[in-house]
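> below are the sequence and a predicted model; questions follow.
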Amino acid sequence: MRDYKMLIGGNWTSAVAGETFETLNPYTGEAWATIPRGRREDAEKAVQAARIAGESGDWPKLTATARGHLLRRFGDLIAQNAERLADVEVRDNGKLRAEMLGQVKYVPQWFYYYAGLADKLQGSVIPIDKPDTFNFTRLEPLGVCVAITAWNSPLLLAAYKLAPGLAAGNTFILKPSEFTSASALELGALAEEAGMPPGVLNVVTGYGPEIGEALVTHPQVAKIAFTGSEMGGQRVYEAAARGLKRVTLELGGKSPNIVFEDAKLENAVKGVISGILSATGQTCVAGSRLLVQRSIHDAFLEKVVAFARSARIGDPMEKTTQIGPVTTRPQYEKILHYIDVAKQEGARCVLGGAPAPHPTGGGGLFVQPTIFADVRNDMRIAQEEVFGPVLAVIPFDDEAEAIAIANDSAYGLAAGVWTQDTARVLRMSAALKAGMVWVNMYRAVSYMSPFGGVKRSGLGHENGMDAIRDYVQTKSVWISTAAETPDPFVLG
Ligand code: NAD
């Protein structure tokens, strides 16, 4: 058993109350590490460490260029440790090692990209309309930022937040999911090794309603960047509103993957499968509603079912495995519950629909790839996020109906469109109410391209050049060059 500590102000520490919890390997079902169970008093220590590091010491003295160098070193260390970090991720969340290694190897790019932007954040000199006056703006860090992440892609989601926020000169408290805390703690150690001054990146662990809530309600926290469920996001948003804090929310989805009759069907099948079966369906951008034009519906569904049926379920560490376990028991039970709901609603189960037996690995959290046909968009299986390998298939007649069904959702994270018609591509990409639209591809992300949802999928964007602007505040500085101060009773 590994015994992890939290990183607060450059010290590796237990929780103040000395409490811990165990983190489980979802594949084996066995505990493999103990994690400190932080609470309000630990949050307080972390906020004070981050505040002090932001106000005094080496961090605020660094030039923006030097901050960039530091982030590059941090990125290099993540790259050098990618294999080890990927193993930690798989041990905690059960996702395929191939997927996690790909993610971890990509994470350094976030630090390189925002390192490059660190010294390009600049204010402006305003040609102000007042005589004898010089006016300019400064872009300043916000202060203490809190990054809260979900369990499905722990390091990637942390990088979305830390890279722009640190580049802009803020200090951070990273609070990973209680189900996948280890990789964030490993990341903290690499930040130290890179030479990050103590207190700039603090990593605390524990449960959302305990230390998470204590962080988001803390009066000295300036911004919360949250990735998680809609319910968690609502709690964070309420706390942020009371404290007038800035907030970025990356929440759930029920994204449509829309296949037109003129699509290259073999490609579309792969896109649909990647949308719903990769990561065992546990991705926020899962294409969990498949909208298929009626003229090709039956033939296309048959192809999707055949492909899904052939997916290899097993040990996530094995190269040949395509579907690993669900990450947590509550999530496993939620998926099975939704399968029952879909059956009760009258959806036709054409594949799976039950737990998947698996000979090895004692965790038992396997679900068969499941496909429901004859789904109506008003069914719960079409409206609510399952976060598992469960696809709801809905037929449509024409483009107008596809748009109407796609947009008839409380969520708006992503959408996929499969067609060879360029004019339709442009019409669809404008009409779909979603933060990201993928055309003849699915599930791509990049540090360069904005990521975020509309409606109940969230608020604000991560990634891309503009994301760094969410981590600075503008100050306007006025300087008089006049020999005399004007009449105090006249606004100049
Ligand atoms: P969750 O909301 O249960 O937990 C997410 C994080 O929030 C955890 O670290 C948790 O400890 C913390 N938390 C929970 N309640 C809190 C509170 N009251 N105050 C402060 N922190 C709190 O979500 P989850 O089950 O870990 O993740 C799955 C969800 O995340 C899905 O809905 C998925 O769609 C979403 N997600 C979204 C994105 C995105 O970028 N849009 C990416 C990945 C996952």
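Ah, there it is. Numbers count the residues shown, from 1 in each chain.
> quick check: residues of the stretch 351-492 of the chain near the ligand?
For the stretch 351-492 of the chain, the residues in contact with the ligand (Cβ under 6 Å from any ligand atom) are 385, 387, 413, 453, 458. Every C-beta, even on glycine, is put in place using the N, C-alpha and C of the backbone.
> how many neighbouring residues does residue 334 have?
Neighbour count for residue 334, taken as other Cβ atoms under 10 Å: 17.
> what does the protein put close to the ligand?
Residues of the chain lying close to the ligand (Cβ under 6 Å from any ligand atom) are 148-152, 157, 175-178, 207-209, 212-213, 216, 227-229, 232, 235-236, 250-253, 284, 385, 387, 413, 453, 458.
> need the buried ones from the residues of the stretch 351-492 of the chain next to the ligand selected in PyMOL.
Command for PyMOL that selects the buried part of these, burial taken from 16 or more other Cβ atoms under 10 Å:
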select buried, resi 385+387+413+453+458
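> out of the residues of the stretch 351-492 of the chain next to the ligand, list just those in helices.
Among these, DSSP state H puts none in helices.
> and of the residues of the stretch 351-492 of the chain next to the ligand, the nearest to residue 325?
residue 387 (13.6 Å; Cβ to Cβ).
> next, the buried residues of the one helix or strand residue 104 maps to.
Taking DSSP states H and E as the definition, one finds residue 104 inside helix 97-118. By 16+ other Cβ under 10 Å, the buried positions in helix 97-118 come out as 97-101, 103-104, 106-115, 117-118.
> contacts for the helix or strand where residue 330 lies?
Using DSSP H and E, residue 330 maps to helix 329-345. Here helix 329-345 makes contact (Cβ atoms under 8 Å, 6 or more residues apart in numbering) with 281-282, 325-326, 349, 353-355, 365, 367, 370, 372, 375, 379-381, 384, 386-390, 392.
> just the buried ones from those residues, in ChimeraX syntax?
Selecting only the buried entries of the contacts of helix 329-345 in ChimeraX, with 16+ other Cβ under 10 Å as the criterion:
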select :281,282,325,326,349,353,355,365,367,370,372,375,379,381,384,386,387,388,389,390,392
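> what sits closest to the most centrally placed residue in the chain if chain neighbours are left out?
The centroid of the chain falls nearest to residue 157 when counting by Cα atoms, centre = their mean (4.2 Å). Nearest non-adjacent residue to residue 157, counting by Cβ to Cβ, 6 or more residues apart in numbering: residue 149, 4.2 Å away.
> count of residues packed around that neighbour?
27.
> residue contacts, it?
Residue 149 neighbours (Cβ under 8 Å, 6+ apart): 157, 158, 161, 174, 175, 176, 177, 184, 227, 228.
> picking up where we left off before, give me the mean pLDDT for the helix or strand the residue nearest to the centre of the chain falls within.
Secondary structure assignment for residue 157, by DSSP H and E: helix 154-167. For helix 154-167, the mean pLDDT works out to 98.
> next one: it to chain centre, how far?
Chain-centre distance of helix 154-167: 10 Å, with Cα atoms, centre = their mean, to the nearest Å.
> pull the CA atoms of that helix into PDB?
C-alpha atoms of helix 154-167 as PDB (Å, rounded to 0.1, in the frame of the first residue of the first chain):
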ATOM      1  CA  PRO A 154      -7.400  13.600 -13.800                       C
ATOM      2  CA  LEU A 155      -4.200  15.000 -15.100                       C
ATOM      3  CA  LEU A 156      -5.500  16.300 -18.400                       C
ATOM      4  CA  LEU A 157      -8.300  18.200 -16.600                       C
ATOM      5  CA  ALA A 158      -5.800  19.600 -14.100                       C
ATOM      6  CA  ALA A 159      -3.600  20.800 -17.000                       C
ATOM      7  CA  TYR A 160      -6.500  22.600 -18.600                       C
ATOM      8  CA  LYS A 161      -6.600  24.800 -15.400                       C
ATOM      9  CA  LEU A 162      -3.100  24.900 -14.000                       C
ATOM     10  CA  ALA A 163      -1.300  25.700 -17.300                       C
ATOM     11  CA  PRO A 164      -3.000  29.000 -18.100                       C
ATOM     12  CA  GLY A 165      -3.500  29.900 -14.500                       C
ATOM     13  CA  LEU A 166       0.100  29.500 -13.500                       C
ATOM     14  CA  ALA A 167       1.300  31.200 -16.700                       C
END
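> can you give me the angle it makes with helix 97-118?
Interaxial angle, helix 154-167 versus helix 97-118 (axes from the mean of the first three to the mean of the last three Cα atoms, to 10 degrees): 10 degrees.
> looking at the nearest residue to residue 247 once chain neighbours are set aside now. What's its pLDDT?
Once flanking residues are discounted, residue 247 sits nearest to residue 240: 4.1 Å by Cβ to Cβ, 6+ apart. We note a pLDDT of 94 for residue 240 in this prediction.
> buried ones in the helix or strand residue 240 falls within?
Assigned by DSSP H and E, residue 240 belongs to helix 230-243. Going by neighbour count (16+ other Cβ under 10 Å), the buried part of helix 230-243 is 230, 232, 233, 235, 236, 237, 239, 240, 243.
> low pLDDT regions in this structure?
Along the chain, segments meeting pLDDT under 70 span 359, 492.
> domain ranges for it, per the record?
Following automatic domain parsing, one finds the domains of the chain at 2-251+457-477, 256-439.
> export those to a markdown table and append columns for distance to residue 449.
Shown next, in a markdown table, are the domains of the chain (distance: least, Cβ to Cβ, whole Å):
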| stretch | distance to residue 449 |
| --- | --- |
| domain 2-251+457-477 | 6 |
| domain 256-439 | 8 |
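> what residues are up against the residue in the stretch 1-150 of the chain positioned nearest to the ligand?
In the stretch 1-150 of the chain, the residue that lies nearest the ligand is residue 150 (3.2 Å; Cβ to the nearest ligand atom). Taking Cβ under 8 Å, 6+ apart as the criterion, residue 150 is in contact with 157, 177, 227, 228, 229, 284.
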